[in-house]
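*Asks:* Would you be able to build a 3D model of this:
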Amino acid sequence: MAQKETKSTFCAYLRVSTARQGKSGLGIEAQREAVNRFVRERAGKIIAPEFVEVESGKHNDRPELAKAIKRCRLTGATLVVAKLDRLSRNAAFLMTLRDSGVNFVAADLPEANTMTVGVMAVVAQHEREAISARTKAALAAARARGKALGGLRDNAPDIASFQKQAVRAVQEKALAIAEDRRDVIEALVGEGLSMNAMAARLNDASVKTSRGKDWTATAVKRTLARLEIYPA
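*Replies:* Coordinates of the predicted model:
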């Protein structure tokens, strides 16, 4: 009697970076289609439930990823993600994946393995530390420029001091957020794009301004000035 062939089973993990994308399905459908196509090509089967993470890439907690890994341990399924390259700069995700002990595969990078992900995790951590160092240096330079322009007078009212501290805090926060986008902004400037074209590209990539809004040419110009980037 011939033995019945058993299909390989997969557990799908999808991730979007904003609640708006999660509610609208923007990004999720494309990932779901990529995962389904990948599994179909291998005559496999996706088991329920599907795990969807809706959160910021800066957050280190991955509750849905933890659930997906647990499901894989319980069922012996392989964890499948749509795009490993989209997550390749997220050290927390990569570390969790590397140390999970479950089999995993990425639809866009099927040759990836534990060693590959380990190297990515080290690189991602290094990039985060480099960005942090650049941000601190930029804040120090901003403070130095502010001091050179003149500090608070000894007889200034307390309310003025509080107001200036509040303004400085807002400026420093905006600079820190801008620094986090420096690599993307510099790449667009390097392409010789106009302010409007850069704004469109940033919006297409779902990158937000420091205020969490869509980009305009004015917002791009303001950010370039903040980062002291001067297009040729």
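*Asks:* Tell me, how many residues neighbour residue 177?
*Replies:* 17 (other C-beta atoms under 10 Å). (C-beta placed from N, C-alpha, C; glycine too.)
*Asks:* and the closest residue to it other than its chain neighbours, what element?
*Replies:* Closest residue in space to residue 177, ignoring its immediate chain neighbours: residue 210 at 4.0 Å, by C-beta to C-beta, 6 or more residues apart in numbering. For residue 210, there is no host helix or strand (DSSP states H and E).
*Asks:* Residue 210 is in contact with residue 178, isn't it?
*Replies:* Yes: between residue 210 and residue 178 there is a contact under C-beta atoms under 8 Å: 6.2 Å.
*Asks:* Pull up the overlap in contacts between these two.
*Replies:* residue 223 (C-beta atoms under 8 Å, 6 or more residues apart in numbering).
*Asks:* Looking at those two, which one has more neighbours?
*Replies:* A count of neighbours by other C-beta under 10 Å puts residue 178 above the other of residue 210 and residue 178, at 21 against 18.
*Asks:* Can you pull the phi and psi angles for that one?
*Replies:* When read as degrees, to the nearest 10, the backbone of residue 178 gives phi -60, psi -40.
*Asks:* Next, find the distance separating residue 51 from residue 65.
*Replies:* Separation of residue 51 from residue 65 (C-beta to C-beta, to the nearest Å) stands at 7 Å.
*Asks:* I misspoke; the intended subject was residue 202.
*Replies:* On the measure of C-beta to C-beta, residue 202 and residue 65 end up 27 Å apart.
*Asks:* do residue 79 as well
*Replies:* 9 Å.
*Asks:* again with residue 39
*Replies:* Residue 39 is 19 Å from residue 65, by C-beta to C-beta.
*Asks:* What of residue 200?
*Replies:* Residue 200 is 32 Å from residue 65, by C-beta to C-beta.
*Asks:* Could you do residue 175 as well?
*Replies:* For residue 175 relative to residue 65 (C-beta to C-beta), the value is 32 Å.
*Asks:* go on, residue 227?
*Replies:* 33 Å.
*Asks:* likewise residue 92?
*Replies:* Distance from residue 92 to residue 65, by C-beta to C-beta: 9 Å.
*Asks:* what do you get for residue 222?
*Replies:* 36 Å.
*Asks:* Kindly report the same for residue 185.
*Replies:* For residue 185 relative to residue 65 (C-beta to C-beta), the value is 29 Å.
*Asks:* residue boundaries of the strands in this protein?
*Replies:* 9-16, 45-46, 51-54, 78-81, 104-106 (DSSP state E).
*Asks:* what are the pairing partners of the first one, and which direction each?
*Replies:* This means strand 9-16. Strand 9-16 sits in its sheet next to strand 45-46 (parallel), strand 51-54 (parallel), strand 78-81 (parallel), going by DSSP bridges.
*Asks:* what sits against residue 82?
*Replies:* 14, 30, 31, 32, 34, 35, 106, 107, 108 are the contacts of residue 82 under C-beta under 8 Å, 6+ apart.
*Asks:* Mind pulling up the pLDDT for the third one?
*Replies:* The predicted structure scores residue 31 at 89 on the pLDDT scale.
*Asks:* Backbone dihedrals for the spatially closest residue to it that is not a sequence neighbour, please?
*Replies:* Nearest residue to residue 31 in three dimensions, chain neighbours excluded: residue 82, at 3.6 Å (C-beta to C-beta, 6+ apart). With angles defined as degrees, to the nearest 10, residue 82 sits at phi -80, psi -50.
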